[in-house]
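A.B. asks: mind looking at a prediction? Sequence and model below.
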Amino acid sequence: MYEKDDVVAPEPSFAGMDLVVIILLMLHGEDTLTERRIRARLPDLFQRGVMSMLFANKVALITGGARGIGKATALKLAQAGCDIAIVYYNSSDEAQTLVQDISDMGRQAIALQANVADHQSVKEMFAQFRQHFNQLHFLISNAASGVLKPALKMSTKHWRWCLETNALALNHLVTAGRELMPSGGRVIALSSLGAERAIPNYAFIGASKAALEALVRSLALELAEYGITANTISAGVVDTDALKHFPNREQLLDEYQAHSLAARPLTPADVANAVYLLCQPEADMINAHTLFVDAGYSRVG
């Protein structure tokens with residue numbers, strides 16, 4: 001005859017299990033194998049429960065949110081309790097899949113199509129946003145585009161493309177969304193090392209990122225009276241879909257890995273973690289700042 005501890009019980013599932021229910025179970029339940037497993041994992045469950053309440057009733061809007069760093073950021077903030085608006089340009093299938101993934105977490109999620117370089121398109125996108133949410137707490141400008149060519153082979157059209165998508169878009173977003181943002185709101189823009197370092201074939205994109213960082217500092221000044229901070233995150237070399245368009249992709253990855261201070265590659269989740277940190281209430285004194293997330297590469301590489 002088997003003792004109850006001899007039976008191999010399945011690993012308990014904690015999906016959808018309320019933290020209070022778990023704790024009450026521990027206080028009043030029997031000493032079964034399943035409950036001992038819950039007890040062993042209680043610190044982790046408690047941390048996850050606290051994290052899932054951190055941004056409860058908050059709303060984040062993320063441009064370029066369907067893939068790469070934007071997707072990782074959407075998932076990170078959703079795990080912390082945020083409802084999410086994903087703004088995409090032509091990644092409809094990916095955006096809808098991500099909406100479903102976030103909805104499965106118990107969060108509200110929507111996908112909005114917009115050309116962030118066009119002011120009218122952004123205004124129309126926010127009109128749709130208002131049909132679902134009446135506040136916006138975290139505005140994350142992640143969408144980027146551009147032409148990878150030497151500056152001497154670029155045209156005025158290329159210049160406008162880079163500048164309008166990578167810098168002017170942020171002003172469109174803040175202008176259209178500011179009235180929805182309460183005190184304590186966050187504006188976070190994604191930049192890159194090309195804003196301050198010459199990178200082959202990156203001249204116009206780098207210049208647009210430098211303009212973006214300058215704009216963020218000015219927006220921080222203007223938004224201060226509303227209790228809203230504005231910061232930039234300068235991400236290192238992350239192997240996303242965007243990097244696949246670089247003719248020197250492998251060289252960039254190898255150089256980063258050789259000179260960064262980390263023993264592993266930089267991932268979209270690492271950048272999302274930095275966004276998460278800046279969104280926390282304890283980050284309210286970080287303002288008009290560019291935070292480098294590159295394992296020291298920009299400073300010692």
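C.D. replies: Looks like it came in fine.

A.B. asks: which residues of the stretch 201-301 of the chain score low on pLDDT?
C.D. replies: The stretch 201-301 of the chain contains residues with pLDDT under 70 at 240-241, 243-249, 251-253, 301.

A.B. asks: longest helix anywhere in this structure?
C.D. replies: helix 203-223 (DSSP state H).

A.B. asks: next SSE downstream of whichever strand or helix holds Gln257?
C.D. replies: Gln257 is located in helix 249-259, with elements delineated by DSSP states H and E. Toward the C-terminus, helix 249-259 is succeeded by helix 268-279 as the next helix or strand (DSSP H and E).

A.B. asks: pull the helix or strand that comes right after that next one out as PDB, backbone CA atoms only.
C.D. replies: Counting by DSSP H and E, the next helix or strand C-terminal to helix 268-279 is strand 290-293. Provided in PDB are the C-alpha atoms of strand 290-293 (Å, rounded to 0.1, in the frame of the first residue of the first chain):
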ATOM      1  CA  THR A 290      19.600  59.400 -20.700                       C
ATOM      2  CA  LEU A 291      20.000  55.900 -19.100                       C
ATOM      3  CA  PHE A 292      22.400  53.600 -20.900                       C
ATOM      4  CA  VAL A 293      21.500  50.000 -20.900                       C
END
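
A.B. asks: strand 290-293: how far from the chain's middle?
C.D. replies: 14 Å (Cα atoms, centre = their mean, to the nearest Å).

A.B. asks: for that strand, which outside residues touch it?
C.D. replies: For strand 290-293, the surrounding residues in contact (Cβ atoms under 8 Å, 6 or more residues apart in numbering) are 191, 193, 195, 213, 216, 231-236, 266, 270-271, 274, 278, 298-299. All C-beta atoms are positioned from the backbone trio N, CA, C, and that covers glycine.

A.B. asks: the stretch 1-150 of the chain: helices as residue ranges?
C.D. replies: Secondary structure of the stretch 1-150 of the chain (DSSP state H, counting those that start in this stretch): helices located at 19-28, 33-40, 42-54, 68-79, 92-104, 119-130.

A.B. asks: thinking Asn171 is in contact with Leu215, fair?
C.D. replies: Yes: using Cβ atoms under 8 Å, Asn171 is in contact with Leu215, at 6.4 Å.

A.B. asks: tell me which of those two has more neighbours.
C.D. replies: Shown here are Asn171 and Leu215; by other Cβ atoms under 10 Å, Leu215 has more neighbours (19 against 16).

A.B. asks: and the more buried one, what does it touch?
C.D. replies: 167, 170-171, 189.

A.B. asks: by neighbours, which of those residues wins?
C.D. replies: Top of these by neighbour count (other Cβ under 10 Å): Ala189, with 28 neighbours.

A.B. asks: list the contacts of that residue.
C.D. replies: Ala189 makes contacts with 140-142, 170, 212-213, 215-216, 230-233, as judged by Cβ under 8 Å, 6+ apart.

A.B. asks: out of the residues you listed, who's the most crowded?
C.D. replies: Neighbour counts for the contacts of Ala189 peak at Ser141, which has 30 neighbours (criterion: other Cβ under 10 Å).

A.B. asks: show me the beta-bridge partners of that one.
C.D. replies: Ser141 has these beta-bridge partners by DSSP bridges: Ala189.

A.B. asks: and it, how far is that from Glu213?
C.D. replies: For Ser141, the distance to Glu213 equals 12 Å [Cβ to Cβ, to the nearest Å].

A.B. asks: what's the answer for Tyr89, then?
C.D. replies: In this view, Tyr89 and Glu213 are 23 Å apart by Cβ to Cβ.
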